[in-house]
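Q: Below are the sequence and a predicted model; questions follow.
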Amino acid sequence: MNANLYALFASRFPADRDACCIETHDGHYYSWNDLERATAKIANLLASLGLEPGSRVAVQVEKSPEALMLYLATIRAGLVYLPLNTAYRQEEIAYFLADAEPAVMVCSPQNFGWIAQSAFKSGTRHVFTLGEVQDGRNSGSLLDRAAHQPDEFETVPRADDDLAAILYTSGTTGRSKGAMLTHRNLASNAQVLHATWRWQQDDVLLHALPLFHVHGLFVASHGALYSGSKMIFLPRFDAAQVMAQLARASVFMGVPTYYVRLLADPSFGRETCRNIRLFISGSAPLLSETFKEFHERAGMPILERYGMSETVMLTSNPYDGERRAGTVGLPLEGVQVRVVDAEGASCGVGEIGDIQVKGPNVFQGYWRMPAKTAEEFTDDGYFKTGDVGRFDADGYLSIVGRSKDLIISGGYNVYPKEIESLIDELEGVAESAVIGVPHADFGEAVNAVIVLRPGAQLDEAGVIGQLKARIANFKVPKRIFFVSELPRNAMGKVQKNLLRQQYA
Ligand code: MLC
Ligand code: AMP
């Protein structure tokens, strides 16, 4: 049996291949036949490059149906997909290219110049573009090259444990780590979510999430692909656009910021979402107030779930039973979740401890970091999530904090260490601490507290400007505060809790 994830999806496409698979906000339709043919053409192109099995295909492109097809074609060709956030800047991309050594890089046409240079420098042999051309020139268009390829392709056989994707997640040391996900990881999660959330072929998913993270790429797209359901594709989340399309959909997924922004529109209510059967939230904590207000206005409770890049989805509130505010629900079938104390002993009901997990969804390890991988697993094979939580008497899990120093802003993870290292390199900076503070829209916002060297001339705009040139916008602190010293404990460690309180 071929364990290739694409083969699994293809076995479940609807019998009517002319039915609509993806519809875009501006009225383009793609049938299941179109999807099969386009992925075959791109897979043929990739196969023609004569790459080793397991070669990485790195992709930084704007969201589009073709971007999803490139992902599926990569899997279909037996290669490993490596999606990159479109916000990443040159230095960040250079790191991923050097670390992952992809054989192929696909980028937006307007970035071709600098990305090709960076890619060739790190040994990547093939650079293509995908996306709308702005200045009339398009070197290396992937779709132009694929157009001449046959529109049939025999999906490459893959084993359960073969890699399907690598997702980079930032690390507490400031260095990003590539989480290696296998065909089995993704397939098992798609199957369990299909059953848990009662996906049906006649569902319509309104897809507003980006395609470069677990949430939009795997949880949302896989749900629809595995059910043979139609997706309405929006290029990005825009509250007005979502409002305009919601009544045509039955399932919607998003990070909490999406729900906060929908509620901010006074006209949002039952009528707007009259055909929706399921709203799902994840990637960051959903505030109880948002849950409650949404329930009142939409007439149904949001279903909150919990997961991460290394494990795909772990827990979910029930479809039929009570969806409990402030909890991420119950472990998914086949997924083991435990909460343990500092000695590794299981915590009792209501006791707070570290969340550890095991199951067919848990990744194979960090790309080329065996020591780091070993550190993150217990002797009995549980993965240490870095999240802190507790179970209630009914088995609902709540996440109450994180043992990793991590900020989640609008569903994007920001590791303070990475930002502190960059700030500390700025001329005039003695030291810095980066913290997350509550933010009405993003949940948490990145702020920095800086100690300057005597006589330094740096101001808030100067720091922000310099950081924006080097890192993705969402990582750049929204506010900078200057202080004469950072609060430290007796061990000399910066007391971030005090800073968080002070700047909240
Ligand atoms: C954009 N900005 C952000 C930001 N997104 N800043 C902080 N946090 C964010 N998440 C920047 C912009 O670049 C801009 O900067 C300014 O903030 C205001 O932008 P905006 O117009 O409000 O942003 P917008 O384009 O509307 O994007 C906000 C968003 C987007 C919430 C729609 O961030 C988003 O789609 N987030 C979803 C992330 C996601 O998919 N997470 C899943 C991870 S998977 P400036 O300087 O130009 O003003 C995962 C596992 C799991 O975690 O369990 O699912
Ligand atoms: P990522 O590295 O982007 O995969 O982010 C995973 C992290 O997001 C998890 O380790 C959690 O800290 C957080 N997360 C995901 N879902 C939820 C949720 N429903 N509630 C709180 N935190 C969440």
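A: Looks like it came in fine. The model shown is predicted, which means the values in this text are computed figures rather than measured ones. Ligands and ions are numbered 1, 2, ... in the order given.
Q: tell me the mean pLDDT for the biggest helix by length in the chain?
A: Using DSSP state H, we find that the single longest helix of the chain is helix 32-48. The pLDDT scores in helix 32-48 average 98.
Q: Give me the contacts around that helix.
A: By C-beta atoms under 8 Å, 6 or more residues apart in numbering, the surrounding residues in contact with helix 32-48 are 6, 10, 13-14, 16-19, 21-22, 30, 57, 66, 69-70, 72-74, 76-77, 79, 104, 142, 145-147, 149-153, 155-156, 228. All C-beta atoms are positioned from the backbone trio N, CA, C, and that covers glycine.
Q: Grab the CA positions of it and hand them over as PDB.
A: Presented in PDB, the C-alpha positions along helix 32-48 are these (Å, rounded to 0.1, in the frame of the first residue of the first chain):
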ATOM      1  CA  TRP A  32     -11.000  18.200  -8.800                       C
ATOM      2  CA  ASN A  33      -9.800  17.300 -12.400                       C
ATOM      3  CA  ASP A  34      -8.000  20.600 -12.500                       C
ATOM      4  CA  LEU A  35      -6.300  19.800  -9.200                       C
ATOM      5  CA  GLU A  36      -5.200  16.300 -10.400                       C
ATOM      6  CA  ARG A  37      -3.900  17.600 -13.700                       C
ATOM      7  CA  ALA A  38      -2.100  20.600 -12.300                       C
ATOM      8  CA  THR A  39      -0.400  18.600  -9.600                       C
ATOM      9  CA  ALA A  40       0.500  16.000 -12.200                       C
ATOM     10  CA  LYS A  41       2.200  18.600 -14.400                       C
ATOM     11  CA  ILE A  42       4.100  20.200 -11.500                       C
ATOM     12  CA  ALA A  43       5.100  16.800 -10.200                       C
ATOM     13  CA  ASN A  44       6.300  15.800 -13.700                       C
ATOM     14  CA  LEU A  45       8.400  19.000 -13.800                       C
ATOM     15  CA  LEU A  46       9.900  18.200 -10.300                       C
ATOM     16  CA  ALA A  47      10.500  14.600 -11.300                       C
ATOM     17  CA  SER A  48      12.300  15.800 -14.500                       C
END
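Q: Which residues belonging to that helix are considered buried?
A: Buried residues in helix 32-48, counted by 16 or more other C-beta atoms under 10 Å: 32, 34-47.
Q: and the closest residue to residue 466 other than its chain neighbours, what pLDDT?
A: Leaving aside its sequence neighbours, residue 466 sits nearest to residue 426 (C-beta to C-beta, 6 or more residues apart in numbering; 5.9 Å). Residue 426 carries a pLDDT score of 97 in this model.
Q: same thing with the one 5 residues further on?
A: For residue 431, the model assigns a pLDDT of 97.
Q: now do residue 132
A: For residue 132, the model assigns a pLDDT of 86.
Q: number of nearby residues for it?
A: Using other C-beta atoms under 10 Å, residue 132 has 10 other residues around it.
Q: Likewise for residue 133?
A: Applying other C-beta under 10 Å, I find that residue 133 has 14 neighbouring residues.
Q: Now name the helix or strand holding it.
A: Following DSSP states H and E, there is no helix or strand that holds residue 133.
Q: returning to what we had before: was I right about the residue nearest to residue 466 contacting residue 459?
A: No. Contact criterion C-beta atoms under 8 Å: residue 426 and residue 459 do not qualify, at 11.6 Å.
Q: Look at those two and report which has more neighbours.
A: Between residue 426 and residue 459, residue 426 has the larger neighbour count (other C-beta under 10 Å), namely 16 against 12.
Q: If you drop the residues flanking it in sequence, what lies closest to the residue of the stretch 401-504 of the chain found nearest ligand 1?
A: Ligand 1 sits closest to residue 410 of the stretch 401-504 of the chain, with a gap of 2.3 Å, by C-beta to the nearest ligand atom. Nearest residue to residue 410, sequence neighbours excluded (C-beta to C-beta, 6+ apart): residue 442, at 4.1 Å.
Q: So what's the residue count around the one you found?
A: 22.
Q: tell me the contacts of it?
A: Counting by C-beta under 8 Å, 6+ apart, residue 442 touches 257, 409-410.
Q: Now secondary structure and pLDDT too, for those, in CSV please.
A: Below are the contacts of residue 442 laid out as CSV (DSSP: H, G, I helix; E, B strand; the rest coil; pLDDT from 0 to 100):
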residue, secondary structure, pLDDT
257, helix, 98
409, strand, 97
410, coil, 98
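Q: Between the residues you listed, which sits nearest residue 90?
A: Nearest to residue 90, judged by C-beta to C-beta, of these is residue 409 at 21.7 Å.
Q: how many other residues sit next to that closest one?
A: 21.
Q: Residue 438 is in contact with that one, correct?
A: No. Look at residue 409 against residue 438 with C-beta under 8 Å: they stay out of range, at 11.0 Å.
Q: which residues are in contact with both of the two?
A: 444-445.
Q: and residue 165, how many residues sit next to it?
A: For residue 165, using other C-beta under 10 Å, the count is 28.
Q: whoops, residue 227 was the one
A: 24.
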